[in-house]
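Colleague: curious how this folds, go ahead:
(one chain, ligands or ions: 1)
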Amino acid sequence: MSLKIYINGKLYDKEDAKVSVYDHGLLYGDGVFEGMRIYGGKVFRLAEHLERLWNSAKAIWLEIPMTPEALAEAVNQTMQVNGIRDGYVRLVVTRGAGTLGLDPNKCSDPQVIVIADTITLYPREYYEQGLHIVTVSTIRNHPAALSPRIKSLNYLNNILAKIEGLQAGCVEALMLNQKGEVSECTGDNIFLVRKGELLTPSVDAGVLEGITRSVVLELARELKIPVREIPLTKHDVYIADECFLTGSAAEIVPVTKVDSRKIGDGLPGPITRRLLKRFHEVTRQ
Ligand code: PMP
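Modeller: From the prediction side, this is the model:
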């Protein structure tokens with residue numbers, strides 16, 4: 001049976017789920033999206049994802065043509081009709097079809113798309129041995145130009161960094177901001193541990209306010225691990241005792257090498273492992 005995709009109130013077979021070539025989502029990357037996880041038949045932190053989607057839309061003057069409650073219902077319906085109990089949901093809202101010019105006022109019909117599918121996870125080995133990443137030359141979008149807090153359909157900044165990472169043989173890549181500080185990876189937030197303290201760049205460093213990032217901050221408080229959101233440099237990464245990344249798809253993945261330098265003793269560290277264990281308990285309960 002073909003996967004059913006939700007578009008503006010209707011379910012279509014995957015092959016028939018289409019949008020116009022005049023959609024500004026396609027022509028200009030004009031739109032917003034979310035990526036969420038389904039655990040045990042339930043979308044993890046759905047309310048937070050919807051809030052971020054609405055905030056992203058507001059920032060680009062895009063009015064989502066339905067209520068968050070109705071979209072939550074659409075997400076649950078799409079997930080159930082496809083019988084997905086553990087997987088991934090992609091929410092997309094495009095500006096809709098318009099003219100070939102930029103003017104979004106000429107776009108009439110934003111497309112609200114829900115794709116519920118299975119997910120290809122990182123191999124187990126990454127969680128056991130840790131990921132190796134590199135710092136890339138692509139600077140994260142300047143927050144005063146296009147805020148990284150907007151999860152927009154224009155992901156070229158991240159894609160260019162991803163390509164650099166892949167060319168260096170790494171599936172994730174660390175991006176610095178316009179000040180040369182650590183921002184985030186192409187699709188994940190970054191955390192360090194130093195002398196028992198959890199460190200992560202603040203949102204001001206120009207990063208997406210990751211939902212997994214906020215869950216990790218909550219778990220750290222619960223586990224009485226001190227946390228600081230502060231500016232960090234590559235040097236801080238190199239001398240960290242531990243490093244890990246967070247994201248809806250990656251969850252919490254340890255990093256054991258950055259720019260060929262071993263992080264800590266080169267194995268996933270104790271605080272990373274504690275947070276990972278607690279994260280599994282929270283998501284798989
Ligand atoms: N940063 C970027 C650039 C992202 O695209 C993502 C989501 N893939 C994240 C961080 C992690 O965010 P979340 O935990 O909400 O998935």
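Colleague: okay, now the domains of this structure?
Modeller: Per automatic domain parsing, the structural domains of the chain span 4-117, 124-284.
Colleague: out of those, nearest to the ligand?
Modeller: domain 124-284 (3.1 Å; CB to the nearest ligand atom). The way it works is simple: take the backbone N, C-alpha and C, and place the C-beta from them, glycine included.
Colleague: what about that closest one, how long is it end to end?
Modeller: Separation of the first and last residues of domain 124-284 by CA to CA, to the nearest Å is 17 Å.
Colleague: in space, what's closest to residue 94 - neighbours in sequence excluded?
Modeller: Among residues not flanking residue 94 along the chain, residue 25 sits closest, at 2.9 Å (CB to CB, 6 or more residues apart in numbering).
Colleague: mean confidence score for whichever helix or strand that neighbour is part of?
Modeller: For residue 25, the host element (DSSP states H and E) is helix 24-28. Across helix 24-28, the average pLDDT comes to 98.
Colleague: near the ligand at all, the helix or strand following it?
Modeller: Downstream of helix 24-28, the first helix or strand assigned by DSSP H and E is strand 31-39. Yes - using CB under 6 Å from any ligand atom, we find that strand 31-39 touches the ligand at residue 35.
Colleague: how about strand 31-39: buried residues?
Modeller: Neighbour-count burial for strand 31-39, with 16 or more other CB atoms under 10 Å as criterion, is recorded at 31, 32, 33, 34, 35, 36, 37, 38.
Colleague: how about that strand as CSV, C-alpha atoms only?
Modeller: Below are the C-alpha coordinates for strand 31-39, written out as CSV (Å, rounded to 0.1, in the frame of the first residue of the first chain):
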residue,chain,number,x,y,z
GLY,A,31,8.1,28.5,3.3
VAL,A,32,8.8,26.8,6.7
PHE,A,33,9.0,23.3,8.0
GLU,A,34,9.4,21.0,11.0
GLY,A,35,10.9,17.6,11.5
MET,A,36,9.5,15.6,14.4
ARG,A,37,9.8,12.1,15.8
ILE,A,38,7.1,9.5,16.5
TYR,A,39,7.7,7.2,19.4
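Colleague: elements contacting it?
Modeller: When contacts are defined as 3 or more CB pairs under 8 Å, 6 or more residues apart in numbering; DSSP states H and E, strand 31-39 packs onto helix 46-59, strand 87-94, helix 270-284.
Colleague: let's see 10 Å
Modeller: Helices and strands touching strand 31-39, by 3 or more CB pairs under 10 Å, 6 or more residues apart in numbering; DSSP states H and E, are helix 24-28, helix 46-59, helix 68-81, strand 87-94, strand 112-117, helix 211-222, helix 270-284.
Colleague: what about the stretch 101-250 of the chain, any weak spots by pLDDT?
Modeller: Of all residues in the stretch 101-250 of the chain, none has pLDDT under 70.
Colleague: what does it put close to the ligand?
Modeller: Selection of the stretch 101-250 of the chain residues close to the ligand by CB under 6 Å from any ligand atom yields 158, 184, 187-189, 208, 210-213, 246-248.
Colleague: buried ones among the residues you listed?
Modeller: Neighbour counting over these (16+ other CB under 10 Å) leaves 158, 184, 187-189, 208, 210-213, 246-248 as the buried ones.
Colleague: in the stretch 51-200 of the chain, which spans are helices?
Modeller: Under the criterion DSSP state H, counting those that start in this stretch, the stretch 51-200 of the chain contains helices at 68-81, 124-129, 156-167.
Colleague: could you dump these to JSON lines with distance to residue 92?
Modeller: As requested, the helices of the stretch 51-200 of the chain are arranged in JSON lines below (distance: least, CB to CB, whole Å):
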{"stretch": "helix 68-81", "distance to residue 92": "11"}
{"stretch": "helix 124-129", "distance to residue 92": "27"}
{"stretch": "helix 156-167", "distance to residue 92": "16"}
